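J.: Requesting a structural model of the entry that follows:
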Amino acid sequence: MKHKRYAYDGFGAVDVHEAWTTGEVKAGIEQILTDWAHRLPADAGARIVIKPNLNNDLVALVGNCSDLRVLCSIVEGLKNRGYHNIAVADGSNVGIARRDIDSLKRLRVSKLRDRYDIDVIDLNRDDGTPVVLHAGARPVIADTVLKADFLISVPKVKTHCEAGVSCAMKNWVGIARGQKKRHMHYDLAKNIFAINEAVLPNLIIVDGLIGMEGNGPGDGEPFRFGHLIASDNAFLNDLVVCRLIDFPWRDVGYLVHAEASGNITEALAAQVQSEVSVIRPIKRAPVRSKLAELSEARSLNWLKLAVRPALENPAVLEGAYKLKIIQDVYSREDDSITGFAKKPGACGECRRCEDFCPTHLTAEEIGVKTGEDDCIQCLYCWWVCPKEAIELHGALNHLERQVERYKAIIEQI
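T.: Below you'll find the predicted structure:
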């Protein structure tokens, strides 16, 4: 596996690993934990909180949320090193929180609780402590994060219609709980920067397997990026990631604030530009419509609250989506998938299901070993199968929209 380290005196280092299949992901995470072992806690009983990016309920293979292959490999790597007080914790966006949708369940992250004997925590339901940021923002930071001994951030690589790029620094918005996340948007770029000064991750492991480009973070196109990235400095990490995806870093407002504070410098940016090679240019998010900007206006919050019941009407939501006012259209009805099986004789020779299985099942075992000890029912095998060789048992429900939008793309990624 190809691996490159970029080191910068006074700022830290960024490691870039090629990875795509489950085996490569496991090997890459193992190498990262070995290379960064000096950062890990000396006490095996230290409280380690893994904070993925679970922005909403979109399956990770569309590039929106952290991949279970990455999360499973991190937990397994920590467990193998003797750590036993581990939590995976995140709070999804305000739309998810307001509708009381359990995204941890929908994304199958909750399955990791019993499989690894760890805690899985919805930060939107956590106790919290207010922190004063900018423009009157006073988000409540989840106590699970504030009380952790060691924080591992697991962001994605994706575009963001407001922030430009979403990676390590933007991932930290998820440590604010519930509806108080809205405070971050009082001055989004400055508050993303500020929350990263208020609470620092100890280690960053970027899930750059499948990214999202275009109308991210909730309605973009998935693309194969095929890398894991690790760092101990969120500011440096995102500066390097901008270079890897050929995105001008000064078009990312929170990085401009990081430069103004001295967390990155013009000289550092020039060094990154000269040393780091572009892996794949990313397609930017389109310019937001005036209606979309107006819908987020702080001065009109009263109006949003007044008309909210009408906005829950499916026809109204669909209209708002088509007008590009919103990216996310949520169903309150969880899927009822209770299992799956392979169709006899339908499977081809691609073994894509094996490449994407977080629990390391072989192509021959997938659809056969379906018990909880073997399978977490993430459905990644079904999503990537181009032969329709896997039959689901149960109703798709909230997944129906995702299947219509993304299934054919994921089959070819």
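J.: Give me the most central residue, this structure.
T.: residue 53 (2.7 Å; Cα atoms, centre = their mean).
J.: which residues touch it?
T.: 64, 65, 66, 90, 154, 155, 156, 166, 171, 174, 207 (Cβ atoms under 8 Å, 6 or more residues apart in numbering). The way it works is simple: take the backbone N, C-alpha and C, and place the C-beta from them, glycine included.
J.: Next, format the residues you listed as JSON lines and append secondary structure and pLDDT.
T.: Output for these, formatted as JSON lines (DSSP: H, G, I helix; E, B strand; the rest coil; pLDDT from 0 to 100):
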{"residue": "64", "secondary structure": "coil", "pLDDT": "97"}
{"residue": "65", "secondary structure": "coil", "pLDDT": "97"}
{"residue": "66", "secondary structure": "coil", "pLDDT": "98"}
{"residue": "90", "secondary structure": "strand", "pLDDT": "98"}
{"residue": "154", "secondary structure": "strand", "pLDDT": "98"}
{"residue": "155", "secondary structure": "coil", "pLDDT": "98"}
{"residue": "156", "secondary structure": "strand", "pLDDT": "98"}
{"residue": "166", "secondary structure": "strand", "pLDDT": "98"}
{"residue": "171", "secondary structure": "helix", "pLDDT": "98"}
{"residue": "174", "secondary structure": "helix", "pLDDT": "97"}
{"residue": "207", "secondary structure": "strand", "pLDDT": "98"}
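J.: List buried residues within the residues you listed.
T.: Among the contacts of residue 53, those scoring as buried are 64, 65, 66, 90, 154, 155, 156, 166, 171, 174, 207 (criterion: 16 or more other Cβ atoms under 10 Å).
J.: In this structure the fifth one contacts residue 205, no?
T.: Looking back up the chat, that one is residue 154. Yes - counting by Cβ atoms under 8 Å, residue 154 touches residue 205, with 5.4 Å between them.
J.: list the residues that contact both of these two?
T.: Listed as contacting both residue 154 and residue 205 by Cβ under 8 Å, 6+ apart are 70, 74.
J.: Let me know how buried residue 7 is, in neighbour terms.
T.: 10 (other Cβ atoms under 10 Å).
J.: got it, and residue 116?
T.: Neighbour count of residue 116, defined by other Cβ under 10 Å: 18.
J.: so where's this structure uncertain?
T.: 1, 292-297, 299-308, 310-311 (pLDDT under 70).
J.: Mind checking what secondary structure the residue of it most remote from its centre has?
T.: The centre of the chain is farthest from one residue, residue 345, which by Cα atoms, centre = their mean lies 35.8 Å away. Three-state call for residue 345 (DSSP: H, G, I helix; E, B strand; the rest coil): coil.
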